[in-house]
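> The following block contains a protein sequence and its predicted model.
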Amino acid sequence: MLQGFDTITLILVIAVVVAVGLSAAALVVQIRRSRAGKQKVDKKSKANEAQGFSAAPRQDVNVRLQEIQPLWPLNAASGGRPDGDYDRTEALFTSGRESASPFGSAPTRPEIDSWMLQIVEKGPTGERSYSFKVSGEVSVGRSPTSGLHIDEKTVSGLQCVLIAGKDGVFVNNRSNSNITRLNGVRIEDTRPLKPGDTLDVGSVQLSLMDIRRGSAY
C-alpha cells in the first residue's frame, strides 16, 4: 500500500514539474516577443528621425474642434438649422451689399447686335403689320421652324436669312427655286437693308417701315 502511495506522489510531482516548466517556457517566449517588438519600434523611430520625421505631436497646432464656430448662427427654434433671416453671403464676404464683388467686377454678357424691324407684309391672303427682332442670323421661309415664318406656297422652306450686324441688318438669299428681290432687283449675295426697302420673297412683299437697334435680352 505504501508503494502505491509513492507512485501516485511521484506522478503528481512530475505533473507539477511539467506544468511549471511549460509556464516558464511561455513566459520566456512572451518576454522575447516583447523585446523584439520594442526593438522594432525603436528602429522605426530612429529611421523616421533620420528622415526628418518626429513621432511626437506638433505643439504649434492651436486649432481644436471645439473652437470651430459655424459660418452662420444656428437657430435653436429651427432645430439647429441656420437662421432663415441671416444673410449667408454676408457671413462669407463682410464687404457689404453696396461694395464691389469679392472676386472683382461681375462678368457681363458679350454684346450681341440686334435690331427691331417694323414690317408690313402683303401677300395673296391679305396684309398685316408687325414688329420683328433680328438677333444674330434669322431664317425666313415657309418651314415652320423658320424664325420668320411665311405660310405661302411660292416661298421656299428656306428663302433667305436676315443677319444682324453692327451697322444694321443684311439679307442673304438661300433659295435656288424661288426668287428673292430687294427693291425689285434679284439678289444672289448679301445686301444691306434700310427703312423704306421692300423685300420680295416669292409672291409675298415685306416692306421695311423702320429699322432700329434693339436689345438682345
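All right, it came through fine.
> What is the strand or helix carrying Val171 packed up against?
Using DSSP states H and E, Val171 sits in strand 169-173. For strand 169-173, the contact count by 3 or more CB pairs under 8 Å, 6 or more residues apart in numbering; DSSP states H and E identifies strand 160-164, strand 180-182, strand 190-192 as packing neighbours. Bear in mind the C-beta positions are built from the backbone N, C-alpha and C, glycine included.
> Can you tell me the strand partners of that strand and which way each runs?
Strand 169-173 pairs in its sheet with strand 160-164 (antiparallel), strand 190-192 (antiparallel), by DSSP bridges.
> Please identify which of the ones you listed is closest to Val201.
strand 160-164 (6.4 Å; CB to CB).
> Other residues contacting that closest one?
112-115, 117, 134-141, 147-148, 169-175, 180, 190, 193, 199, 201 (CB atoms under 8 Å, 6 or more residues apart in numbering).
> Just the buried subset of those, please.
113-115, 117, 134-135, 138-141, 147-148, 169-173, 175, 180, 193, 199, 201 (16 or more other CB atoms under 10 Å).
> Could you find the closest non-adjacent residue to Arg212?
The shortest distance from Arg212 to any non-neighbouring residue, by CB to CB, 6 or more residues apart in numbering, is to Met116 (5.0 Å).
> tell me which element that neighbour is part of?
strand 114-123.
> In its sheet, which strands sit next to the helix or strand following that strand, and in what direction?
Sequence-wise, the next helix or strand downstream of strand 114-123 (DSSP H and E) is strand 126-135. Applying DSSP bridges, strand 126-135 is found paired with strand 114-123 (antiparallel).
> Let me see the residues that make contact with the strand it pairs with.
127-136, 150, 152, 162, 164, 168-169, 203-216.
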